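Asker: Fold the following.
(chains A and B, ligands or ions: 2)
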Amino acid sequence: MLKTFAKGGIHPPENKLSAEKAIEILPVCEMVTIPISQHIGAPAKVIVKKNDTVKVGQIIAESGGFVSANIHSSVSGTVQKIEETFDASGYKRMSVTIKVEGDEWLETIDRSPEVVRQCTLSSEEIVKKITAAGIVGLGGATFPTQIKLMIPKGMTADTLIINGVECEPYLTADDRLMLEKGEEILVGVSILMKALNVSKAIIGIENNKTKAIAHIDNLAKSFQGISVQALKVQYPQGGEKQLIKACIGREVPSGGLPIAVGAVVQNVGTAFAVYEAVQKNKPLFERVVTVTGKSLKKPSNFLARVGTPLTALIEAAGGLPDDTGKIISGGPMMGKALRSAEVPMTKGTSGVLILPNPEAKRKIIQECIRCAKCVSACPMGLEPYLMMPLSERRIFDRLEKEKVMDCIECGSCSYTCPSNRPLLDYIRLGKASVGAIMRSRKK
Amino acid sequence: MNNLLNVSLSPHAKSSDSVNKLMRNVIIAMLPIMLFSFYYFGIGAIIVTLVSITSALMFEWIISKFILKREPNLSDGSALITGMLLAFNVPSNLPFWIVMIGALVAIGVGKMSFGGLGTNIFNPALVGRVFLLISFPVQTTSWPKPLDSFTSYTDAVTGATPLAILKEELKKGEKVSDILEKLPSFMDLFIGKIGGSLGEVAALAILIGMIYMLATKTITWHIPVSVLGSIFVVAGTLWLINDEKFINPFFHLLTGGILLGAVFMATDYVTSPMTGKGQIIYGIGIGVITIIIRIAGAYPEGISFAILIMNGLTPLINMYIKPKRFGEVVKNGK
Ligand code: SF4
Ligand code: SF4
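Answerer: Ligands and ions are numbered 1, 2, ... in the order given. You can find the predicted model right below:
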């Protein structure tokens, strides 16, 4: 039976143009730029110097705090520059630029294609390896994975939920990974189960990926405690709280974390990275990226090295079309519009989406006609039509009471509004101010 | 590199819904009713409808341009809808100048005085209608007989509405079972062969419109179902208690604009509550008040007043009836 979350949600056109395209290995380009801040939390600390030679997989920046992650070189070559450059966020960030020479991997990395199923490491050893490999959440949130595996005192996890939903329109990277690396993902899932000491894992997959559901379901028969749950195609099915609700029927309390209801959520891409790190000694320095768009010649799924310029990805997919109006890192619902494609891909780049004009432009804003469509669309049970003017007029105490901090920024409200109101823009502003007020109160 | 890229915050996708599209759906849903009214009431219906629509558009344009001093936007279709709804609410022999006054009050007082579309509290067409009912009680309550007066306008043959007959006879102390014989059959009520305003007579056409609006997701079921359901339950209970004093609930549902009100007037976006729960409370309020007015009030008809009263309470409903927040009630989530 199909399951789904309780309230709200929308159904944008799926546009999975690259769903049938097998993952292609993108040739390594001449120069890569690896930002040292590719995750949520403190930037890593650079430990190489200009003119150092590095190998593929060699650590070049060390985790810079509790919430942080190691960064590894994705290529072999010589460090050319260590300086601030623009990244996909639009800000200048410290980055290591490496001139590529050959493709020489660290000897410790097992490059053989055999799937290694056996894992005899203890929970601590697994977490240590994941930490060393610099793994972060690959669904887009880029939260360092090891932290999600450390259960706070007084709480217990009983279910691991694996996010194979890929509810963002256009993106197909996770879908392809499940089809092509299914067994590796399942080994990764059982390793994560061991690290968390849970006996049950559920892989949630949206029902528009019937092949992946059948494939993973079939493979999962030989793994203890792992099951597949088909989910209704409804955005934002892959939102962490929505996914937990859909898979196990528990509702994460307002302001709480999934662990409050005994659940830990990891993405399928992350599970694959965990497999490679633990079983193959391979740090996270490459990932699958969907490069897509209706005007693009060859929408594709690439396995590409971190630090590859997005221009190279777009080139490989047929080049930037003339009518391009917007380049987005990520999907259309939650992705980020870029000022330029001359930025490197990072661990969190799940897709590059090219939107043609005039689709790329926003429509003219009209008055709110109080049609209530935003209220019915909101998966968190909020009232966007009300929060927007409260935020505009800076009435932050009421905004806090209206639970603005619960907003998961899924964009369903702005998507659905017939008056084209920029609801989420204002809600974000409100969240920033209310968040600052709440933090200052705690001090 | 092309440096004319659009940079905006997510989401980068937008549904195809627009104000124009939603309003167009409402207008399409009203067309069968309009055609029925032309068929039943002939030339009078056509004149009243045209006058009502053109004056609504004209007043909207004039007030936007010269009083509110902003670019008039007639293309959103909301003034057109107000004009059509006002026409649906009056008899087909209403002199055109009274129709124009109704449109002026609807647009000027009902809508523009609050700041235009989206900010008004009361349903504009109903404001116009109720104003006319109070100011011109004679003209607005003489009802041409359907099919009798195809070519006549203000000199049409008139008769009382079923509701007015019922109220009169009950006042005289007649029993419901005797009165029923003087009333039109249910079939006539259903296909609209009764005296009444342009839009309230054809239950069938209104139901077709409702199905269209539900299917296109222009409206949700909450308001029509709660209005009609509560009327059915309240009127049905009274009827079960005493069927000599109270008429059966089907009669209520099929007469006096209850269907028109429940489907097209109470569902007006601007003046109805924002949450499903709120809409149900609002709908039940309308149903209960309508029956109270019909049974105990001075007017045979009640739904217009009931909707206006609940319109007035809508801000309060929105303030106190909140959607169920995610993760709010379930504390430990299990
Ligand atoms: S969807 Fe847009 S027009 Fe409708 S109530 Fe929300 S903000 Fe207003
Ligand atoms: S962006 Fe926030 S307010 Fe809008 S629908 Fe999503 S959760 Fe609700």
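
Asker: Which residue is the nearest non-sequential neighbour of residue 24?
Answerer: All of this is about chain A. A:Phe302 (5.5 Å; Cβ to Cβ, 6 or more residues apart in numbering or on different chains). (C-beta placed from N, C-alpha, C; glycine too.)

Asker: ah, I was thinking of chain B
Answerer: B:Arg24 sits nearest to B:Gly77 (Cβ to Cβ, 6+ apart), 6.2 Å away.

Asker: Now for the one you found: which residues touch it?
Answerer: Going by Cβ atoms under 8 Å, 6 or more residues apart in numbering or on different chains, B:Gly77 touches B:19-20, B:23-24, B:26-27.

Asker: hang on, the earlier thing: what are the bridge partners for the residue nearest to A:Glu24, then?
Answerer: A:Glu24, A:Val289 (DSSP bridges).

Asker: number of nearby residues for it?
Answerer: When neighbours are defined as other Cβ atoms under 10 Å in any protein chain shown, A:Phe302 has 26 of them.

Asker: B:Met319 too?
Answerer: Neighbour number of B:Met319 under other Cβ under 10 Å is 10.

Asker: Confirm that it sits in a helix.
Answerer: Yes: assessed with DSSP: H, G, I helix; E, B strand; the rest coil, B:Met319 lies in a helix.

Asker: So it versus ligand 2, what's the distance?
Answerer: Separation of B:Met319 from ligand 2 (Cβ to the nearest ligand atom, to the nearest Å): 19 Å.

Asker: so which of the contacts of B:Gly77 comes closest to A:Met388?
Answerer: B:Val19 (16.3 Å; Cβ to Cβ).

Asker: Just the buried positions in stretch A:380-400, please.
Answerer: Using 16 or more other Cβ atoms under 10 Å in any protein chain shown as the test for burial, stretch A:380-400 gives A:380-388, A:390-391, A:396, A:399-400.

Asker: no wait, stretch A:299-311
Answerer: So stretch A:299-311, judged by 16+ other Cβ under 10 Å, has buried residues A:299-311.

Asker: How about stretch A:152-169?
Answerer: Buried-residue list, stretch A:152-169, by 16+ other Cβ under 10 Å: A:157, A:159-169.

Asker: next one: stretch B:68-86
Answerer: B:72-73, B:76-86.

Asker: Which ones among the residues you listed map onto strands?
Answerer: Using DSSP state E, no member of the buried residues of stretch B:68-86 falls within strands.

Asker: Report the buried members of the contacts of B:Gly77.
Answerer: Counted by 16+ other Cβ under 10 Å, the contacts of B:Gly77 give B:19, B:23-24, B:26 as buried.

Asker: Of all the residues in the stretch 151-300 of chain B, which one is nearest ligand 1?
Answerer: Across the stretch 151-300 of chain B, the shortest distance to ligand 1 (Cβ to the nearest ligand atom) belongs to B:Met274, at 6.8 Å.

Asker: for B:His141, what are its contacts?
Answerer: Not quite, residue B:141 is Thr, not His. Applying Cβ under 8 Å, 6+ apart, we find B:Thr141 in contact with B:91, B:133, B:164.

Asker: For it, give its distance to ligand 1.
Answerer: 37 Å.

Asker: Return the residues of chain A in contact with ligand 2.
Answerer: With Cβ under 6 Å from any ligand atom as the criterion, chain A meets ligand 2 at residues A:377-380, A:382, A:384, A:407-413, A:424, A:427.

Asker: and those residues near chain B, which?
Answerer: Residues of these in contact with chain B (Cβ under 8 Å from any Cβ of the partner chain): A:378-380, A:382, A:409, A:411-412, A:424.

Asker: domain assignment for chain A?
Answerer: Listed by automatic domain parsing, the domain ranges of chain A are A:28-102+A:285-359, A:123-280, A:373-442.

Asker: Could you export those domains as CSV, including mean pLDDT and distance to B:Ala262?
Answerer: Shown next, in CSV, are the domains of chain A (pLDDT from 0 to 100; distance: least, Cβ to Cβ, whole Å):
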stretch, mean pLDDT, distance to B:Ala262
domain A:28-102+A:285-359, 92, 36
domain A:123-280, 93, 30
domain A:373-442, 94, 20
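
Asker: Out of these, which gets nearest to ligand 1?
Answerer: Closest of these to ligand 1 is domain A:373-442, at 3.2 Å (criterion: Cβ to the nearest ligand atom).

Asker: Is any residue of the closest one near ligand 1?
Answerer: Yes: on the criterion Cβ under 6 Å from any ligand atom, domain A:373-442 is in touch with ligand 1 at A:373-374, A:384-385, A:416-419, A:421, A:423.

Asker: Which residue ranges of the stretch 1-150 of chain B form helices?
Answerer: Listed in chain order, the helices found in the stretch 1-150 of chain B under DSSP state H, counting those that start in this stretch are B:19-62, B:78-88, B:96-104, B:124-135.

Asker: Can you add mean pLDDT and give these back as JSON lines?
Answerer: Formatted as JSON lines, these follow (pLDDT from 0 to 100):
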{"stretch": "helix B:19-62", "mean pLDDT": "93"}
{"stretch": "helix B:78-88", "mean pLDDT": "94"}
{"stretch": "helix B:96-104", "mean pLDDT": "94"}
{"stretch": "helix B:124-135", "mean pLDDT": "93"}
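
Asker: Where does the nearest residue to A:Arg117 once chain neighbours are set aside fall, secondary structure wise?
Answerer: Of all residues not flanking A:Arg117 in the chain, A:Val187 sits nearest, at 5.5 Å (Cβ to Cβ, 6+ apart). Element membership for A:Val187 (DSSP states H and E) is helix A:182-196.

Asker: Could you do B:Ser152 as well?
Answerer: Using DSSP H and E, no helix or strand contains B:Ser152.

Asker: didn't it look like it was pressed against B:Ile43?
Answerer: Yes: using Cβ atoms under 8 Å, B:Ser152 is in contact with B:Ile43, at 7.1 Å.

Asker: So A:Met438: helix, strand or coil?
Answerer: helix.

Asker: residues near it, how many?
Answerer: There are 13 residues near A:Met438, going by other Cβ under 10 Å.

Asker: ok, back up a step: among the buried ones among the contacts of B:Gly77, which one lies nearest to B:Leu189?
Answerer: Of those, the one sitting nearest to B:Leu189 (Cβ to Cβ) turns out to be B:Val26, at 24.5 Å.

Asker: measure the spatially closest residue to that closest one that is not a sequence neighbour to ligand 2 for me?
Answerer: Spatial nearest neighbour of B:Val26, excluding adjacent residues (Cβ to Cβ, 6+ apart): B:Ile81 at 5.6 Å. From B:Ile81 across to ligand 2, the span is 28 Å (Cβ to the nearest ligand atom).

Asker: B:Gly327 too?
Answerer: 12 Å.

Asker: How about the contacts made by that residue?
Answerer: B:Gly327 makes contacts with A:241, A:251-256, A:406, B:333, as judged by Cβ under 8 Å, 6+ apart.

Asker: wait, which of the residues you listed is closest to B:Tyr282?
Answerer: Nearest to B:Tyr282 among these is A:Asp406, at 25.8 Å by Cβ to Cβ.
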